[in-house]
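Colleague: Structure for this input, please:
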Amino acid sequence: MAKINSIGVKSILWLCFFLLSVFSTSTVINIRAQSKILLERQEASARSLGEVILTAMRYPMLRGEQDIIQRQFDAYCALGELEVIHLMDSEGVIRRTTDKKLLGQKTQSELILRDNQSDYKSVCGLERRQRSGRLVFSQIQPIFNQPQCYSCHGPGQKLLGKLRIAFDWGPEKRAQQMMQNTNIAVSLGSLLLLSIFTGVFLFKVIIAPLGVLESGMNQVSNGDFSGHCVLKSNDEIGALTKKFNDMSLALNRAMLEERKSRETAEHQSKELGESFSLLNATLESSNDGVLVVDTRRQITIFNRRVIKLWAVPEEFLRAADDRKFFEYCAQQLIAPESFMKKIAAVYADAAAQIIDILRFKDGRVYEWETVPQVMNGEVIGRIWRFRDKSANFRVQEELRVKMEALERFNKFIVGRELYMRALKEKVDELEKKINPPKA
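Modeller: Numbering: from 1, shown residues only. Predicted coordinates for the structure are as follows:
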């Protein structure tokens with residue numbers, strides 16, 4: 001089926017069909033032309049013979065010597081070319097003939113019966129004799145009344161009779177059939193030779209080059225781009241093959257580059273996966289809650305520590321938008337409005353960096369920090385870090401209370417010392433007054 005559907009087979013079949021049509025039409029036209037020429041030649045021969053017979057009959061007819069006319073008819077038929085000769089009167093009754101059995105009978109000639117207007121004109125053509133059934137070529141010529149005939153027939157009769165000369169068409173038909181057979185044989189032979197020549201030409205010029213091109217295309221379709229079509233031709237198929245070779249070479253280079261790029265991408269993907277795995281492990285091992293968002297405020301990375309620090313449902317982080325996350329977190333703070341304003345200020349300035357303290361309603365204290373995420377000098381997102389400083393702040397608060405107590409104690413000790421000094425000075429002054437020194 002694939003071979004039948006190939007362009008080469010189709011081209012040959014269509015060409016054969018075209019040549020067969022051309023040669024068939026040419027043969028039919030040639031046969032018809034030759035048949036026409038044969039009929040015209042036979043008609044000319046019949047007319048010529050008819051004129052000869054009429055000329056030969058003129059003198060015996062004027063003298064009324066009918067036997068001489070009959071002997072002339074018999075002599076003409078003895079030549080072998082004539083089938084029959086009839087001399088008929090104006091009513092179509094046969095008066096003289098080479099076939100004695102038809103004397104006195106009315107003619108059954110198809111030409112005369114078919115053409116009612118044939119009384120005054122010469123008629124010729126093929127017809128079949130009723131008696132023998134043989135195909136003959138008949139020439140029917142009218143015999144007109146002339147002044148020489150007025151003595152017998154009078155001047156009132158215009159047509160005296162008709163002369164029918166019938167030639168045996170058998171030899172001519174055999175010659176015509178042989179001619180037809182010869183024409184058909186010559187046409188078939190020419191058709192065969194032309195088909196073979198054309199088929200060989202099409203095979204070398206079209207089918208074989210297309211086969212080479214198809215083989216190369218099959219290699220390409222199977223993923224083999226290393227093939228090269230070898231075709232020495234300067235026509236359109238050669239140019240197409242050259243373009244195909246260039247395309248195959250370009251595809252081969254592109255495939256090698258794509259394979260190299262794929263291997264590089266796979267290697268980079270593996271390294272990226274390892275880096276991401278290491279980053280994820282690092283994030284999960286960190287004591288800080290980490291949240292990474294892109295420039296559209298879509299959450300891209302977070303660790304479990306964020307969920308634990310803020311007690312936030314994980315679906316808030318999976319929702320990819322950080323607004324819900326920060327709104328949920330703000331509800332836990334002492335100053336939520338201040339926190340949300342700072343968030344808005346951060347997003348208003350892509351390069352903003354902030355470190356601040358968050359105080360919770362339940363007494364927790366977090367340190368939060370945000371910095372822009374930069375790659376190749378371009379801000380691609382933002383990193384948020386949250387650290388629980390509650391223990392540190394409790395220690396600092398206890399230390400502050402102790403320091404305040406110590407300061408109060410120090411102030412008490414210092415004040416007591418000063419008081420004791422002042423009291424001692426007063427006692428010394430009293431002693432001096434009571435016991436003045438002796439001169």
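Colleague: can I assume L278 sits in a helix?
Modeller: Yes: per DSSP: H, G, I helix; E, B strand; the rest coil, L278 lies within a helix segment.
Colleague: And it, how close does it get to F73?
Modeller: 131 Å (CB to CB, to the nearest Å). For glycine as for every other residue, the C-beta is placed from the backbone atoms N, C-alpha and C.
Colleague: Likewise for S195?
Modeller: Applying CB to CB, one obtains 55 Å for the distance of S195 from F73.
Colleague: same deal with V22?
Modeller: 50 Å.
Colleague: quick one on the thing from earlier: which of S195 and F73 has more residues huddled nearby?
Modeller: Neighbours were counted for S195 and for F73 using other CB atoms under 10 Å; F73 has more, 24 against 16.
Colleague: for the protein, what spans make up the helices?
Modeller: 7-63, 66-78, 110-114, 150-153, 170-202, 208-221, 236-285, 304-310, 314-318, 322-330, 336-348, 390-434 (DSSP state H).
Colleague: do you know which of these lies nearest L291?
Modeller: Minimum separation from L291 across the helices of the chain (CB to CB) falls at helix 304-310, 5.5 Å.
Colleague: Quick check: can you list the domain ranges of the chain?
Modeller: Per automatic domain parsing, the structural domains of the chain span 7-177, 278-388.
Colleague: Just put those in TSV and tack on mean pLDDT.
Modeller: Below are the domains of the chain laid out as TSV (pLDDT from 0 to 100):
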stretch	mean pLDDT
domain 7-177	73
domain 278-388	88
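Colleague: got those domains as JSON lines, with distance to A239 columns?
Modeller: Output for the domains of the chain, formatted as JSON lines (distance: least, CB to CB, whole Å):
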{"stretch": "domain 7-177", "distance to A239": "17"}
{"stretch": "domain 278-388", "distance to A239": "47"}
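Colleague: among these, which is nearest E429?
Modeller: Across the domains of the chain, closest to E429 is domain 278-388 (CB to CB), at 57.0 Å.
Colleague: what pLDDT does M420 get?
Modeller: Predicted confidence (pLDDT) for M420: 77.
Colleague: How much space separates it from Q219?
Modeller: 113 Å.
Colleague: okay, now the nearest residue to E110 once chain neighbours are set aside: neighbour count?
Modeller: Spatial nearest neighbour of E110, chain neighbours left out: E127 (4.0 Å); criterion: CB to CB, 6 or more residues apart in numbering. Neighbours of E127 under the rule other CB under 10 Å: 20.
Colleague: Next one: E127 from D99, what distance?
Modeller: For E127, the distance to D99 - CB to CB - is 15 Å.
Colleague: Next: V22.
Modeller: For V22 relative to D99 (CB to CB), the value is 48 Å.
Colleague: Equivalent analysis for Q157, please.
Modeller: From Q157 over to D99 (counting by CB to CB), the distance is 26 Å.
Colleague: who's more crowded, those two?
Modeller: D99 (18 against 13).
Colleague: With adjacent residues omitted, what lies nearest to that one?
Modeller: V84 (5.3 Å).
Colleague: What's the local residue count around that neighbour?
Modeller: Neighbours of V84 (other CB under 10 Å): 22.
Colleague: who touches it in this structure?
Modeller: 77, 97-99, 129, 136, 164, 166 (CB atoms under 8 Å, 6 or more residues apart in numbering).
Colleague: swap in F386?
Modeller: 288-291, 305-306, 309-310, 358, 366-368.
Colleague: Next up, the contacts around the closest residue to it other than its chain neighbours.
Modeller: Nearest in space to F386, with sequence neighbours left out and distances taken as CB to CB, 6+ apart, is G289 at 4.0 Å. Contact partners of G289, counting by CB under 8 Å, 6+ apart, are 302-303, 305-310, 385-387.
Colleague: Buried subset of those as a ChimeraX selection?
Modeller: Restricted to buried positions by 16 or more other CB atoms under 10 Å, the ChimeraX selection for these reads:
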select :302,303,305,306,309,310,385,386,387
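Colleague: on that earlier part again, ok, which of the helices of the chain comes nearest D89?
Modeller: Comparing the helices of the chain by CB to CB, helix 150-153 comes nearest, at 10.2 Å.
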